[in-house]
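Engineer: Model the following, please.
(chains A and B)
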2 protein chains.
Amino acid sequence: MTATIPAGVESARDLTGPAVASAVDRLSPDVRIVASYHLGLTDAEGRPAGRSAPAGKALRPALALLSARAAGAAPERGVPAAAAVEFVHNFSLLHDDIMDGDTERRHRPTAWTVYGVGAAILAGDALLVLAQDLLLENAAPQGLWASRCLSAAVQRLIAGQGADLAFERRDNVTLDECQQMAGDKTAALMACACSIGAIYVGAPAELAMGLAGFGAHVGLAFQLVDDLLGIWGAPEITGKPVRSDLRARKKSLPVVAALTSGTEPGRQLGALLRRTEALTEDDLVRAAALVEDAGGREWAEKAADSALSSAGQCLADTDMPDDVRAEFAGIAEFITARQW
Amino acid sequence: MTATIPAGVESARDLTGPAVASAVDRLSPDVRIVASYHLGLTDAEGRPAGRSAPAGKALRPALALLSARAAGAAPERGVPAAAAVEFVHNFSLLHDDIMDGDTERRHRPTAWTVYGVGAAILAGDALLVLAQDLLLENAAPQGLWASRCLSAAVQRLIAGQGADLAFERRDNVTLDECQQMAGDKTAALMACACSIGAIYVGAPAELAMGLAGFGAHVGLAFQLVDDLLGIWGAPEITGKPVRSDLRARKKSLPVVAALTSGTEPGRQLGALLRRTEALTEDDLVRAAALVEDAGGREWAEKAADSALSSAGQCLADTDMPDDVRAEFAGIAEFITARQW
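Structural biologist: This is a model prediction of the structure:
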């Protein structure tokens, strides 16, 4: 497995970038400055950030353009769908950063810390509406289908984030609930990204379903890997302090697998995380060891393998050009590469 | 002028209520509980609130159903459009209450104070997406037209709220900018409410434009009246402490008219509002008097009259059944009734 960004991701960013920038230009000045900053198009003073900007990796647009190609269309035709998915992803980041109190993203201060909570909420709202606008500007039925596919993904994304917030106040989260949450919060938009380009260019339902299945499995694998990185990932890889998810007592998949394992280390982990006082560095080291001893790490690694294998099966079973299939597989490998 | 709720508003609520409730039922449990509470369908524990619930007056749904009737359709046919407008209105209330730090709405604690900022942001997001879903479930072109009309109104609403937030940090807001802000923040959704039912049932563009013009003028009059109430309205009418807008140093239309009047009272008002310390009750009484002496109150009252008169002209110039025209006029009178 590799951690080098696949070439297709860079070219997708070149293709989608101008559409993203020109759509953002439609926003009113007070909202545009926040959205542009968050997207890495400008710095906090509104000056163009240039090509070296610390923007997102734009993986979802790359997947959306690939899905247009899977349907035999030129990638250019999928650009509105790719930009729409990127806007929805960034809508959720803008709002999630407020909810989670995160102060840094892509090595820059988060938008709400720079412009205030109100302005960041509005910028997220505006990107969500802009996403639908881009799709519905295509008056053909495909624009509507793509829009409804995106809406359904957004409702699941909201459901997943809502469950995640609710989990913070609960001690009895089951592994099933936690997997459902990850499926909603992460996998739904990934499934949408992997199929919306195809839907937007009018692909048959069978292709769209195959691609969405691939995306859902990749999304789940991605979340599992992200959760593992949140415990065992190096700070230089994750951009966050080591064991940050444990410090925040996040009910991530490996943690819930450990807590519900019925093992003695699982019970000890539960007792540790329920303590009211702040966790020391020694506590965090012990918590990570308890997750591992309770089988949470092994469970998550196996679940990630299994999800990736199902994703590969979906890809093999779905009819598309071989080079497109290879690029899909390359991105799946890239975003689930193990760096712990 | 009267302050009695027109009969059509109650019957519109009866017609739209079940559609609103069943759409909210689609949301995931953690999000639904917040949305239901905010809409007045349930109390803070999730128990049904009953008919005596302190929900909103549902004026916008009433306008949407009227606009379907203006196009010669049964009001029932406009229900998805009416529910969509109501959801967008409530999306904006949920988010605005966070941004403005408001702790009470409709005589109940605001959603963010009960469930937290994160949950309230998500509930607003969910209602926004739900609004578009309701419209796009109608695969006929009218569903798409209505959806794009709503999207355009939401982008203006966001632009207006963004400008309003930006005004808080500026001392040089012009009256033009302030009117533009009110047009975006309030009038755009009112224009949409007054025309979306007609658009949704396939009315000709001329009718839709006439109704939207009526709604835009009514919306501006409504904002002017609301701003006047924010200074001179009795607490039992506004549900807020007396002179609350002055206490919050809000750059409302009468205040900006006074500040930009070039008069001595206007200059004194500016000096008073720029003071860093909190304003005493005596300061607030003096500020209200200065707005009046600088001509801000008279300007706003005349501007409201003028907007209402333009609204009436739009109504007279637009072809629709007489009883529908009379009901539109009744709602316009109701929401701009002077109670100060």
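Engineer: Could you check how far the spatially most central residue of chain A is from chain B?
Structural biologist: Centroid-nearest residue in chain A, with Cα atoms, centre = their mean: A:Thr186, separated by 5.2 Å. From A:Thr186 across to chain B, the span is 15 Å (Cβ to the nearest Cβ, to the nearest Å). All C-beta spots, glycine's among them, are computed from the backbone N, C-alpha and C.
Engineer: and that residue, what does it touch?
Structural biologist: A:Thr186 is in contact with A:160, A:219-220, A:222-223, A:226, counting by Cβ atoms under 8 Å, 6 or more residues apart in numbering or on different chains.
Engineer: Would you map the strands across chain A?
Structural biologist: Taking DSSP state E to define them, one finds strands in chain A at A:104-105, A:108-109.
Engineer: hey, least reliable of those strands by pLDDT?
Structural biologist: Lowest mean pLDDT within the strands of chain A: strand A:104-105, a mean of 88.
Engineer: which helices and strands does that strand pack with?
Structural biologist: Counting contacts by 3 or more Cβ pairs under 8 Å, 6 or more residues apart in numbering or on different chains; DSSP states H and E, strand A:104-105 packs against no other helix or strand.
Engineer: which other residues reach that strand?
Structural biologist: Under Cβ under 8 Å, 6+ apart, the answer for strand A:104-105 is A:93, A:97, A:110, A:239.
Engineer: Export these to a markdown table and append columns for pLDDT.
Structural biologist: Below are the contacts of strand A:104-105 laid out as a markdown table (pLDDT from 0 to 100):
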| residue | pLDDT |
| --- | --- |
| A:Leu93 | 97 |
| A:Asp97 | 95 |
| A:Thr110 | 96 |
| A:Gly239 | 71 |
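Engineer: Looking at those, spot the one nearest chain B.
Structural biologist: Using Cβ to the nearest Cβ, A:Asp97 comes nearest to chain B of the contacts of strand A:104-105, at 10.7 Å.
Engineer: what's the model's confidence in stretch A:203-212, averaged?
Structural biologist: 97.
Engineer: for it, which positions count as buried?
Structural biologist: A:203, A:207-212 (16 or more other Cβ atoms under 10 Å in any protein chain shown).
Engineer: Would you enumerate the residues in contact with A:Asp164?
Structural biologist: So A:Asp164 contacts A:181, A:185, A:251 (Cβ under 8 Å, 6+ apart).
Engineer: Now do the same contact list for the spatially closest residue to A:Val31 that is not a sequence neighbour.
Structural biologist: The spatially closest residue to A:Val31, leaving aside those adjacent along the chain, is B:Gly162, at 4.4 Å (Cβ to Cβ, 6 or more residues apart in numbering or on different chains). Contact analysis of B:Gly162 by Cβ under 8 Å, 6+ apart lists A:28, A:30-31, A:119, A:122.
Engineer: Would you check that A:Leu207 makes contact with A:Leu315?
Structural biologist: No: here A:Leu207 does not reach A:Leu315: they are 11.8 Å apart, not a contact under Cβ atoms under 8 Å.
Engineer: just how off-centre is the helix or strand of chain A with the lowest mean pLDDT within its chain?
Structural biologist: Across the helices and strands of chain A, mean confidence by mean pLDDT, DSSP states H and E is lowest for helix A:235-238: a mean of 76. A distance of 17 Å separates the centroid of the chain from that of helix A:235-238, by Cα atoms, centre = their mean, to the nearest Å.
Engineer: how about that helix: buried residues?
Structural biologist: A:Thr238.
Engineer: can you check stretch A:283-300 too?
Structural biologist: Applying 16+ other Cβ under 10 Å to stretch A:283-300 flags A:283-284, A:286-288, A:290-297, A:299-300 as buried.
Engineer: next one: stretch A:10-30
Structural biologist: Buried residues in stretch A:10-30 (16+ other Cβ under 10 Å): A:12-13, A:15-17, A:19-20, A:23-24, A:27-28, A:30.
Engineer: Closest one of the buried residues of stretch A:283-300 to B:Arg267?
Structural biologist: Taking Cβ to Cβ as the measure, B:Arg267 lies nearest A:Leu284 of the buried residues of stretch A:283-300, at 59.6 Å.
Engineer: doesn't A:Ala58 make contact with A:Glu86?
Structural biologist: Yes: A:Glu86 is within contact range of A:Ala58, at 6.4 Å (criterion: Cβ under 8 Å).
Engineer: who has more neighbours, those two?
Structural biologist: A:Glu86 (30 against 26; other Cβ atoms under 10 Å in any protein chain shown).
Engineer: what about the helices in the stretch 51-200 of chain A?
Structural biologist: A:59-70, A:79-100, A:111-115, A:117-136, A:141-167, A:175-182, A:188-200 (DSSP state H, counting those that start in this stretch).
Engineer: now the third one, how far from the centre of its chain.
Structural biologist: In other words, helix A:111-115. 21 Å.
Engineer: Can you name every helix or strand that that helix contacts?
Structural biologist: helix A:29-39, helix A:79-100, helix A:117-136.
Engineer: between those helices, which one is nearest to A:Ala278?
Structural biologist: Comparing the helices and strands packed on helix A:111-115 by Cβ to Cβ, helix A:79-100 comes nearest, at 17.7 Å.
Engineer: who are the neighbours of that closest one, in terms of helices and strands?
Structural biologist: Using 3+ Cβ pairs under 8 Å, 6+ apart, helix A:79-100 sits against helix A:7-24, helix A:29-39, helix A:59-70, helix A:111-115, helix A:117-136, helix A:141-167, helix A:188-200, helix B:117-136.
Engineer: Would you mark the buried spots in it?
Structural biologist: Buried-residue list, helix A:79-100, by 16+ other Cβ under 10 Å: A:79-100.
Engineer: for the stretch 1-150 of chain A, which spans come out with low pLDDT?
Structural biologist: Judged by pLDDT under 70, the stretch 1-150 of chain A has its weakly predicted residues at A:1-3, A:51-56.
Engineer: Contact residues of it facing chain B?
Structural biologist: Counting by Cβ under 8 Å from any Cβ of the partner chain, the stretch 1-150 of chain A comes close to chain B at A:26-28, A:30-31, A:91, A:95, A:98-100, A:116-119, A:121-122, A:124-126, A:128-130, A:132-133, A:136, A:139, A:141, A:144, A:147-148.
Engineer: Put the buried members of those into a ChimeraX selection.
Structural biologist: Typed into ChimeraX, the line below selects the buried ones among the residues of the stretch 1-150 of chain A next to chain B, using 16+ other Cβ under 10 Å:
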select /A:27,28,30,31,91,95,98,99,100,116,117,118,119,121,122,124,125,126,128,129,130,132,133,136,144,147,148
